[in-house]
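Engineer: Sequence and predicted structure below; questions after.
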Amino acid sequence: MAPADLLLPLEGQREETLRLLDALSQHDLDRVVRGEGRTVRQLLCHLINRDHGVNFAIHLALEGEVVRFSSEEREQMVRWESDPAPPDWDLPRIRRELVEAREALHGVFAGMSEEDLNLPIRWPEWPARTIRTSIPYILEHEDSHLDELRSAVNR
């Protein structure tokens, strides 16, 4: 079994994201985030999509496969991760999805052995790494978007 504390940094990061989410109003979801022009809702949904993508890549690694995309498939994945958020996703729905996506990651890790953590994993824009060494990158990804969200809602 993979060490239980391996995901603690990700849990702390997700708790920060959920605290910010809990401080938002429904109106805040439509605020535009600096940079790419996404809304707060879109950026939160992007985090959910990314979690599902990471889970997918880890599942493939556990099956002995590595994600390989043609340039066209990679562009399609980037578009999917940037798709407009469903306008009917309100704060409770987004919170539920963020929690469920992270619980799914926990489920994957709960079934892993220590050796599984050393399996190679690749995602289209990632350099080669292992499941274990991917964790800091997953953490940094959410952290950078959390900074953007705080700035958009002035918190």
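Structural biologist: Nice, thanks for sending it over.
Engineer: The closest residue to Met112 other than its chain neighbours and Ala61: what is the separation?
Structural biologist: Of all residues not flanking Met112 in the chain, Ala2 sits nearest, at 4.1 Å (C-beta to C-beta, 6 or more residues apart in numbering). The C-beta positions use only the backbone N, C-alpha and C, and glycine is treated the same way. Ala2 is 13 Å from Ala61, where distance means C-beta to C-beta, to the nearest Å.
Engineer: With neighbour numbers in mind, choose between these two.
Structural biologist: Legend: neighbour count by other C-beta atoms under 10 Å for Ala2 and Ala61, higher for Ala61 (23 against 18).
Engineer: so what's the more buried one up against?
Structural biologist: By C-beta atoms under 8 Å, 6 or more residues apart in numbering, the contact set of Ala61 is 119-121, 131.
Engineer: how does it look with 10 Å?
Structural biologist: 67, 108, 112, 116-122, 130-131, 134 (C-beta atoms under 10 Å, 6 or more residues apart in numbering).
Engineer: do Glu142 as well
Structural biologist: The contact partners of Glu142, taken as C-beta under 10 Å, 6+ apart, are 10, 13-14, 16-17, 47, 50-51, 98, 102.
Engineer: which element is it on?
Structural biologist: Per DSSP states H and E: Glu142 is located in helix 131-152.
Engineer: pLDDT of that helix, averaged?
Structural biologist: Taken as a whole, helix 131-152 has a mean pLDDT of 92.
Engineer: ok, now stretch 53-69?
Structural biologist: Here the average pLDDT along stretch 53-69 is 82.
Engineer: Please tell me the pLDDT value assigned to Arg122.
Structural biologist: Value for Arg122, per-residue pLDDT: 68.
Engineer: So the residue nearest to Met112 versus Ser113, what's the distance?
Structural biologist: For Ala2, the distance to Ser113 - C-beta to C-beta - is 7 Å.
Engineer: Of all the residues in stretch 38-54, which ones are buried?
Structural biologist: 38-51, 53-54 (16 or more other C-beta atoms under 10 Å).
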